[in-house]
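**Q** structure of the sequence below:
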Amino acid sequence: MAYAEKVFKVRDGKKTKQFTWRARYKRPDGSWGSEPGFPTRALAKEWGEQQEAAIREGRWVDPGLSRTRFGDFVHEWMAAQKPRGRTTMNRWERLEAHILPRWKDTPLIALNWFDVEAWARELAVTVARSTVRDCVQLMSRIVNGAVDKRYLTVNPLAGRRLTGLPADVARKRSHEEQVAQPEVVLQLGRRLGPVYGLHVITAAWTGLRWEELVGLHRRNTLLERRQKHDGSVFTCPIIRVDKEEGALAEYYVRDADGRRQVYRALEPPKNARSARDVDLPPFLAQLLQEHLSDWPHDFVFTTLKGKWWWRSHWFEVLRPAADGRAARPKARGAAVKDAWEPIAPGLTMRSLRHTHDSWQEEIGVAPTLGYEQMGHKYPGIKGTYRHPTPRMRKQRLEGLQELYERAMRNLGWKSIWEC
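**A** Next up, the predicted model:
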């Protein structure tokens with residue numbers, strides 16, 4: 001049974017006549033809990049009775065746990081999560097760069113939507129709106145964890161929508177700018193040469209993710225799809241995204257002392273749908289066959305020395321080729337470089353994935369096949385009932401081949417790379 005007791009204030013080590021009231025109540029384990037600071041006996045007793053009622057009804061939250069600092073709970077929550085390594089890295093980047101500097105010392109019980117939204121508006125002045133939304137969504141997921149762990153009764157951030165964010169600090173690329181024309185991709189491929197250029201062309205004509213391309217082993221290249229079709233057998237060359245080691249992961253992990261260490265290794269692809277066979281148009285299959293015939297390394301798209309690409313290193317290769325560069329005269333320790341005019345300013349490997357899916361739409365690829373080839377889940381009940389057929393595959397490959405041949409005619413080229 002809850003009750004209240006006096007708590008006399010102490011000044012200079014001596015008890016004074018001033019006092020407040022402390023609530024005492026029975027905790028679930030039978031021990032006595034307490035909460036000080038009430039101005040009257042009635043309020044203290046009422047609060048204690050509320051705690052005991054919540055305990056009986058199974059909805060009680062320990063007041064001490066609800067005062068846990070957000071930053072302390074973050075470490076507990078992160079330790080309990082098991083997403084892919086890059087997802088963990090991205091979460092820590094959001095936490096350390098934006099969230100924890102503001103909220104690490106805030107008690108969980110003190111979090112409220114008014115303050116979080118005001119902070120988000122201030123943050124949006126200096127970072128992209130997508131980053132702001134990611135931060136708020138991550139905070140809400142963490143607070144959901146606090147509710148599940150019985151540190152809080154409700155999540156004050158759940159289901160709330162950010163409003164009044166300022167415009168992005170950087171200009172967002174238009175939809176058209178995220179799709180490259182086939183002629184542009186081929187021009188970029190020629191500029192980069194038959195090894196690095198094939199990397200770019202394969203990305204555009206297959207839609208493979210960056211990590212799937214750099215993790216592609218030659219044993220999974222130019223395999224064959226065989227399906228019964230029209231009284232015969234439909235065949236086409238494929239690239240297989242292996243379900244066990246189909247992607248090269250690159251992120252950092254933390255040791256026991258919290259220090260960051262870079263981790264790179266082959267891992268399963270992003271999700272179950274990403275493990276797939278990607279059909280290759282004839283021209284690309286031929287280019288890959290020629291490449292592998294004298295390529296000495298196990299992985300198809302690496303540096304010339306056979307090393308896995310670092311994202312930052314590939315960025316240094318792609319950016320001047322796409323954006324252009326100034327001429328550089330010969331100098332000690334540096335070879336001469338000709339000036340390059342821009343071909344595709346701002347183009348990225350992700351843009352090439354956007355490009356491929358847009359090309360699929362342009363040439364009328366059946367949605368169920370288009371989703372499959374991109375490694376996406378076809379939405380709704382139709383994803384259960386609809387399946388790609390050999391005729392769909394033939395039409396897709398013919399469309400992709402025609403994009404290539406038309407671009408070559410428009411450029412007046414007989415071959416991509418000049419001998």
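
**Q** from now on I want contacts and neighbour counts done on CA atoms only, so please keep to that.
**A** OK.

**Q** and the biggest strand by length in the chain, how far out from the chain middle?
**A** Counting residues, the longest strand in the chain under DSSP state E turns out to be strand 14-26. Taking Cα atoms, centre = their mean, to the nearest Å, the mean C-alpha location of strand 14-26 is offset from the chain mean by 53 Å.

**Q** contact partners for Val61?
**A** 150-153 (Cα atoms under 8 Å, 6 or more residues apart in numbering).

**Q** buried residues in the longest strand of the chain?
**A** 19-26 (16 or more other Cα atoms under 10 Å).

**Q** low pLDDT regions in the stretch 101-250 of the chain?
**A** Counting by pLDDT under 70, the ranges of the stretch 101-250 of the chain that qualify are 168-177.

**Q** quick one: the strands in it?
**A** For the stretch 101-250 of the chain, the strands defined by DSSP state E, counting those that start in this stretch occupy 221-229, 232-240, 247-254.

**Q** pull the CA atoms of the first one into CSV?
**A** What it means is strand 221-229. Provided in CSV are the C-alpha atoms of strand 221-229 (Å, rounded to 0.1, in the frame of the first residue of the first chain):
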residue,chain,number,x,y,z
THR,A,221,30.0,-14.0,-65.2
LEU,A,222,28.7,-15.2,-68.5
LEU,A,223,26.7,-18.1,-67.1
GLU,A,224,23.7,-19.2,-69.1
ARG,A,225,20.0,-19.0,-68.5
ARG,A,226,18.0,-21.9,-70.1
GLN,A,227,14.2,-22.0,-70.2
LYS,A,228,11.7,-23.9,-72.3
HIS,A,229,10.1,-21.6,-74.9
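
**Q** who does that strand touch, helix- and strand-wise?
**A** For strand 221-229, the packing partners by 3 or more Cα pairs under 8 Å, 6 or more residues apart in numbering; DSSP states H and E come out as strand 232-240, helix 282-293, helix 390-411.

**Q** just to revisit the earlier point, which residues touch the longest strand of the chain?
**A** 1-10, 32-41, 44-45, 47-49, 51-52.

**Q** direction included, what does that strand pair against?
**A** strand 3-11 (antiparallel), strand 32-38 (antiparallel) (DSSP bridges).

**Q** could the ones you listed go into JSON lines alongside mean pLDDT?
**A** Listed next are the strands paired with strand 14-26 as JSON lines, based on pLDDT from 0 to 100:
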{"stretch": "strand 3-11", "mean pLDDT": "83"}
{"stretch": "strand 32-38", "mean pLDDT": "81"}
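
**Q** I'd like to know which of these is closest to Gly375.
**A** strand 32-38 (54.1 Å; Cα to Cα).

**Q** buried ones in the closest one?
**A** 33-35, 38.

**Q** ok, of those, which one's closest to Ala327?
**A** Glu35 (73.5 Å).

**Q** off-centre distance for stretch 21-28?
**A** With Cα atoms, centre = their mean, you get 46 Å for stretch 21-28.

**Q** output that stretch as CSV, restricted to C-alpha atoms.
**A** What follows is stretch 21-28, C-alpha atoms only, in CSV (Å, rounded to 0.1, in the frame of the first residue of the first chain):
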residue,chain,number,x,y,z
TRP,A,21,6.9,14.7,0.9
ARG,A,22,8.2,11.5,-0.6
ALA,A,23,6.0,8.8,-2.2
ARG,A,24,6.7,5.2,-1.2
TYR,A,25,5.2,2.3,-3.2
LYS,A,26,5.7,-1.4,-3.7
ARG,A,27,7.7,-2.3,-6.8
PRO,A,28,7.0,-5.5,-8.8
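
**Q** what about it, average pLDDT?
**A** For stretch 21-28, mean pLDDT rounds to 83.

**Q** secondary structure element holding the residue most central in space within the chain?
**A** Centroid check for the chain by Cα atoms, centre = their mean gives Thr87 as the closest residue, at 5.8 Å. Using DSSP states H and E, Thr87 maps to helix 85-94.

**Q** what does that helix contact?
**A** Residues from elsewhere that reach helix 85-94, judged by Cα under 8 Å, 6+ apart: 134-135, 138, 249-253.

**Q** so for that helix, what's the average pLDDT?
**A** 88.

**Q** quick one: buried residues of that helix?
**A** Buried-residue list, helix 85-94, by 16+ other Cα under 10 Å: 85, 88-89, 92, 94.

**Q** repeat that for stretch 253-264.
**A** Quick answer for stretch 253-264 (16+ other Cα under 10 Å): Val253.

**Q** start and end of it, how far apart?
**A** 10 Å (Cα to Cα, to the nearest Å).

**Q** mean confidence score for that stretch?
**A** According to the model, stretch 253-264 has a mean pLDDT of 79.

**Q** list the contacts of it.
**A** By Cα under 8 Å, 6+ apart, stretch 253-264 touches 85, 89, 248-252.

**Q** go again with 7 Å.
**A** Contact with stretch 253-264 is made by 248-252, as judged by Cα atoms under 7 Å, 6 or more residues apart in numbering.

**Q** try stretch 228-247
**A** Applying Cα under 7 Å, 6+ apart, the set of residues contacting stretch 228-247 is 211-212, 215-216, 220-227, 266-269, 275-280, 285, 390.

**Q** buried ones among those residues?
**A** For those, buried by 16+ other Cα under 10 Å: 211-212, 215-216, 220-225, 266-269, 275-280, 285, 390.

**Q** on the three-state scheme, Lys82 is what?
**A** coil (DSSP: H, G, I helix; E, B strand; the rest coil).

**Q** over to it: give its phi and psi.
**A** For Lys82, the backbone dihedrals (degrees, to the nearest 10) come out as phi -130, psi 50.
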